[in-house]
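# Model the following, please.
(one chain, ligands or ions: 2)
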Amino acid sequence: MNIIKGVRTLGQFIIERQSDFPYAKGELSRLLRDIGIATKIVHREVNKAGLVDILGDAGSNNIQGEEQKKLDVFANDQFIAALASGGECAAIASEENDEIIHIANSVSKNAKYVVCMDPLDGSSNIDVNVSIGTIFSIYRRLTQVGTVATDADFLQKGTQQVAAGYVIYGSSTMLVYTTGRGVNGFTLDPSIGEFCLSHPDLKMPNDGALYSINQGNFVHFPEGVKDYIRYVQEDDSATNRPYSLRYIGSLVADFHRNMLKGGIFIYPPTIKSPKGKLRLLYECNPLAFIAEQAGGIATTGFDRIMDMQPTAIHQRTTLFIGSRNMVQKAMGYMQEKA
Ligand code: AHM
Ligand code: MG
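Ligands and ions are numbered 1, 2, ... in the order given. Modelled structure (predicted):
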């Protein structure tokens, strides 16, 4: 008799893997569960974004001076609400909030964790029906449990992350996360409302033939990046060059594709943004953790992202992330022209 192979849901998987967690008391499992719940609600809204009048600008600006879309605000509210009611999170640093958000309710008084998040990344793609994402990163707080969390709880190196992940709202919705024991991906089955394990133990190829960079800014790039772009465009079939350029403008989607197929994503320094555009705490560190756990690497072009000592919640950094050999090659050009 053929026994049908059952699905493994995110909830089951988290319970099975609880002993993998550095502090296996179930709190981190519950935190991941809370994030999973918020993700489903955001998925639902993303999917009907064209139907209900949720598109368009919310009319407010975030700390970076960027216009917020309604869906950004909605996603931010949902993640905050889920984390606040779950009881495991003491405070949140979000791209959408200038200051950290303290969770001061009775269920959270013993919370040991803080969460950094970009609730809806790739916001310029929301109203044109192109993939967007959520990114999150979890740390154990440094200040004493029971006291008010401070910025110091968030200004930890990426190496201190206990878990990190992202959600991609694409042709299907996927949640990918790591707790430092490899990377696993779950695809949402909307018919049963569950994330099902679809990509166990994800590995990033060491090489690839895709590069992702906003090449329209070429004139503003440093010489090392320009040289690397010239290199990837050379004709050499032995090394699969020229590579294909793929750039969605949603970090999560660009990273996810490159992780599955092999590739490099670069957000370099530009004349306008000498430190790059992307944020260290809730964009670069979580993806760096995942990249490394999948066998890839993430650097500033010179140094490992996860070794950076953050000094501000909304700090920016340049980012070179993806397949190991490709990132190392690009770093070689950066060092030559440093
Ligand atoms: P956002 O947080 O405002 O959405 O900005 C971050 C996004 C990333 O998803 C993406 O990689 C990058 O901005 C694209 O920037 P650019 O348009 O300068 O290439
Ligand atoms: Mg973002």
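
# What segments of the stretch 1-150 of the chain are strands?
Ranges of strands within the stretch 1-150 of the chain are 57-61, 67-69, 89-94, 101-102, 113-121, 132-140, based on DSSP state E, counting those that start in this stretch.

# Contacts for the fourth one next, please.
To tie it back to what came earlier, the one meant is strand 101-102. Contact with strand 101-102 is made by 80, 90-94, 148-149, as judged by C-beta atoms under 8 Å, 6 or more residues apart in numbering. Yep, even glycine has a C-beta here, placed from its N, CA and C like the rest.

# how about a cut-off of 10 Å?
With contact meaning C-beta atoms under 10 Å, 6 or more residues apart in numbering, strand 101-102 is reached by 76, 80, 83-84, 89-94, 108, 114-115, 148-150.

# Can you flag the buried ones in those residues?
76, 80, 83-84, 89-94, 108, 114-115, 149 (16 or more other C-beta atoms under 10 Å).

# tell me the contacts of whatever residue of the stretch 101-250 of the chain ends up closest to ligand 2?
Using C-beta to the ion, D121 is the residue of the stretch 101-250 of the chain that sits closest to ligand 2, at 3.7 Å. Applying C-beta under 10 Å, 6+ apart to D121 gives the contacts 72, 75, 95, 132-135, 166-168, 250-253, 278-279, 282-283.

# let's see 8 Å
Contacts of D121 by C-beta under 8 Å, 6+ apart are 95, 132-135, 250-252, 283.

# ChimeraX command for the buried members of the residues you listed?
Here is the ChimeraX command that picks out the buried ones among the contacts of D121, judged by 16+ other C-beta under 10 Å:
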select :95,132,133,134,135,250,251,252,283
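
# re the thing from before, give me the distance between the residue of the stretch 101-250 of the chain closest to ligand 2 and I80.
Per C-beta to C-beta, to the nearest Å, D121 is found 16 Å from I80.

# N97 too?
N97 sits 9 Å away from I80 when distances are taken as C-beta to C-beta.

# likewise I41?
12 Å.

# you'd agree I229 is in a helix?
Yes. Under DSSP: H, G, I helix; E, B strand; the rest coil, I229 falls within a helix.

# hey, where'd the helices end up in the stretch 1-150 of the chain?
10-16, 27-47, 70-86 (DSSP state H, counting those that start in this stretch).

# Need the ones you listed in a markdown table (columns: mean pLDDT and distance to ligand 2).
Converted to a markdown table, those look like this (pLDDT from 0 to 100; distance: least, C-beta to the ion, whole Å):
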| stretch | mean pLDDT | distance to ligand 2 |
| --- | --- | --- |
| helix 10-16 | 89 | 23 |
| helix 27-47 | 92 | 14 |
| helix 70-86 | 94 | 9 |
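
# which other residues reach stretch 276-288?
Residues contacting stretch 276-288 (C-beta under 8 Å, 6+ apart): 93-95, 116-118, 121, 135-137, 154, 158, 161, 164-166, 251-252, 255, 267-270, 298, 304-306, 308, 310, 313-319, 321.

# How far away from the center of its chain is that stretch?
Centre-to-centre, stretch 276-288 and its host chain are 7 Å apart (C-alpha atoms, centre = their mean, to the nearest Å).

# And it, end to end?
16 Å (C-alpha to C-alpha, to the nearest Å).

# check whether it contacts ligand 1.
Yes. Part of stretch 276-288 sits near ligand 1 under the criterion C-beta under 6 Å from any ligand atom, namely K277.

# one step back: just put the helices of the stretch 1-150 of the chain in JSON lines and tack on distance to M259.
Below are the helices of the stretch 1-150 of the chain laid out as JSON lines (distance: least, C-beta to C-beta, whole Å):
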{"stretch": "helix 10-16", "distance to M259": "19"}
{"stretch": "helix 27-47", "distance to M259": "19"}
{"stretch": "helix 70-86", "distance to M259": "22"}
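
# and of those, who's closest to E336?
With C-beta to C-beta, the closest approach to E336 among those belongs to helix 70-86: 39.5 Å.

# before we move on, the earlier item: tell me which of the contacts of strand 101-102 has the lowest pLDDT.
Among these, S108 carries the lowest pLDDT, at 91.

# Count the residues that sit near the closest residue to that one other than its chain neighbours.
Closest residue to S108 apart from its sequence neighbours, by C-beta to C-beta, 6 or more residues apart in numbering: G87 at 5.1 Å. Residues within reach of G87, counting by other C-beta atoms under 10 Å, total 19.

# that older thread, which of the contacts of stretch 276-288 are buried?
Buried, going by 16+ other C-beta under 10 Å: 93-95, 116-118, 121, 135-137, 154, 158, 161, 164-166, 251-252, 255, 267-270, 298, 305-306, 308, 310, 313-314, 316-319, 321, out of the contacts of stretch 276-288.
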